[in-house]
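**Student:** the sequence and its predicted three-dimensional model are supplied below.
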Amino acid sequence: MIQSVLIFNNHGKPRLIKTYDNSNEDQQQRLVKECFQLVSKRAESACNFLEGGSIGGSSDMKLIYRHFATLYFVFAVDSSESELGIIDLIQVFVEALDKVFKNVCELDIIFHSDKVHHILDEIVMGGMVLETSMAEVQTHVEGQEKALRAEQSTLFSSKSS
């Protein structure tokens, strides 16, 4: 099961924190700090999987991450998850963000966190993987955006009447 999805920049500033357990804000901040300290020290050529030790206070947790430009995409998972499956999932997530934001950057994640959360919710819900098909994720995201535009146009047209 996926425990947490984290995005943070090269300086350790969290840009997205999504947890699927009952951790409080202090525990989430500690997890971000711990994850950043672990993954930022690793060489670019090193494996993208970290396990062992007590990451986030759990001896069963693994970190699977990818580093793109200035952002780290980190999935904290339990031992039942496939490392390669999560690497593919991170790729789907990043590609979905790229399609929505036309070459996603850190500012897109900061200023459009609602869209980022929606895209993530199309892929992962409650710690379980829902969708891995890029086409399906894109269809659902476009449908949501179309519904929002229709709602806004209806709202604006009723105000002007």
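**Tutor:** On my side now, so go ahead.

**Student:** what packs against the helix of greatest length in the chain?
**Tutor:** When the chain is scanned for its longest helix (criterion: DSSP state H), the result is helix 134-160. Under the contact definition 3 or more C-beta pairs under 8 Å, 6 or more residues apart in numbering; DSSP states H and E, helix 134-160 sits against helix 83-101, helix 113-123. To be clear about C-beta, it is placed using only N, CA and C from the backbone, and glycine gets the same treatment.

**Student:** burial measure for the residue nearest to residue 88 when sequence neighbours are not counted, as a count.
**Tutor:** Counting by C-beta to C-beta, 6 or more residues apart in numbering, residue 132 is the residue found nearest to residue 88 once chain neighbours are left out, at 6.8 Å. Other residues near residue 132 come to 14 when the count uses other C-beta atoms under 10 Å.

**Student:** could the helices and strands packed on helix 134-160 go into CSV alongside distance to residue 142?
**Tutor:** Converted to CSV, the helices and strands packed on helix 134-160 look like this (distance: least, C-beta to C-beta, whole Å):
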stretch, distance to residue 142
helix 83-101, 9
helix 113-123, 11
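
**Student:** what comes up buried for the longest helix of the chain?
**Tutor:** Going by neighbour count (16 or more other C-beta atoms under 10 Å), the buried part of helix 134-160 is 137-138, 140-141.

**Student:** report the two of those residues separated the most.
**Tutor:** 138 and 140 (7.4 Å; C-beta to C-beta).

**Student:** so what's in contact with the two at the same time?
**Tutor:** Common contacts of residue 138 and residue 140 (C-beta atoms under 8 Å, 6 or more residues apart in numbering): none found.

**Student:** give me the phi and psi for residue 11.
**Tutor:** Phi and psi for residue 11, reported as degrees, to the nearest 10, are phi -100, psi 0.

**Student:** and it, what is it in contact with?
**Tutor:** No contacts exist for residue 11 under C-beta under 8 Å, 6+ apart.

**Student:** just residue 96 next, same as before
**Tutor:** By C-beta under 8 Å, 6+ apart, the contact list for residue 96 reads 119, 122-123, 134, 137-138, 141.
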